[in-house]
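1. sharing a model prediction with you, sequence too.
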Amino acid sequence: MISVRVSPEAGDAPEPARSLGERLDDATITAAVKGKLLDDPVVKGLRIDVDTRDGVVYLTGIVGSSSEKNRAVELARQTEDVRDVQANLTIRG
């Protein structure tokens, strides 16, 4: 059997081991949040990156207003199985 291990980049913390189920749950949450952002008329979903780790959703990107930012956070929080939302969204009008 051949095993491949990828070393973290310099300065990156090693990723703790997660089960396949945990990775699938996070992927499902990410897809659901991204879908909501893309469907919403207020949010420019293409400009927001969505990542999920252990049920915590991380939103990163650029939004046009505080109302767009608030709406993106609200949509993420309303998504099933989301434990928390961390918004790293820059407002640029």
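-> Everything's here; your move.
2. could you look up the SS state of residue 42?
-> coil (DSSP: H, G, I helix; E, B strand; the rest coil).
3. check what pLDDT it gets.
-> Residue 42 is assigned a pLDDT of 93 by the prediction.
4. ok, now which ones touch it?
-> Residue 42 makes contacts with 67, 68, 71, as judged by Cβ atoms under 8 Å, 6 or more residues apart in numbering. In short, each C-beta sits where N, CA and C put it, glycine included.
5. tell me where the protein has helices.
-> 20-39, 66-77 (DSSP state H).
6. nearest residue to residue 93 other than its sequence neighbours?
-> residue 64 (5.8 Å; Cβ to Cβ, 6 or more residues apart in numbering).
7. and the one you found, how far is that from residue 47?
-> For residue 64, the distance to residue 47 equals 9 Å [Cβ to Cβ, to the nearest Å].
8. please work out how many residues are found near residue 67.
-> If you count neighbours by other Cβ atoms under 10 Å, residue 67 ends up with 12.
9. can you check the pLDDT for it?
-> So, for residue 67, pLDDT stands at 96.
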